[in-house]
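Student: Below is the sequence, then the predicted model.
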Amino acid sequence: MDIRYTAEHEWVAIEGNQATIGITDHAQRALGDLVFVQLPNLGSVLTRGAIAAVVESVKAASDILAPVSGSIVAVNPATVAEPALLNSDPMGAGWLFKIDMSQPEQIQQLLDADSYARINS
């Protein structure tokens, strides 16, 4: 599994033509205690950079952008029922949605772990 990142603090786990998306540990720490999650609809077709989901904390609401283009093939209802999963396990049980990529070459525009770490230091 290849994990990439966006400058907007989303992680993207790539397996074949499918990408699983969530927020990074850095993002959840900056946002604070998350209290609300709105996920995209199954079957939605998103273009890279489009608003895909919304997370809200006691501090602020943040749009989660689609890091790649494609169709939503899965969402994680556990994060809607328990938004705190994004705080306790942002890169595991707190995943948000999965995209069947229509343009897999877009992953080349995402950051690797070292590049993401550099922009956050």
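Tutor: That came through, no problem.

Student: SS state for the spatially most central residue of the chain?
Tutor: The centroid of the chain falls nearest to residue 22 when counting by CA atoms, centre = their mean (2.7 Å). With DSSP: H, G, I helix; E, B strand; the rest coil as the basis, residue 22 sits in strand.

Student: Surely it touches residue 5?
Tutor: No: applying CB atoms under 8 Å, one finds residue 22 not in contact with residue 5, separated by 10.6 Å. For every residue, glycine as well, the C-beta is placed using N, CA and C.

Student: Need the residues touching each of those two.
Tutor: Applying CB atoms under 8 Å, 6 or more residues apart in numbering, one finds that residue 22 and residue 5 are jointly contacted by residue 11.

Student: ok, so what distance separates the residue located most distally from the centre of the chain from residue 78?
Tutor: Farthest-out residue of the chain from its mean C-alpha position, per CA atoms, centre = their mean: residue 121, at 20.6 Å. Plainly put, residue 121 is 32 Å away from residue 78 if you go by CB to CB, to the nearest Å.
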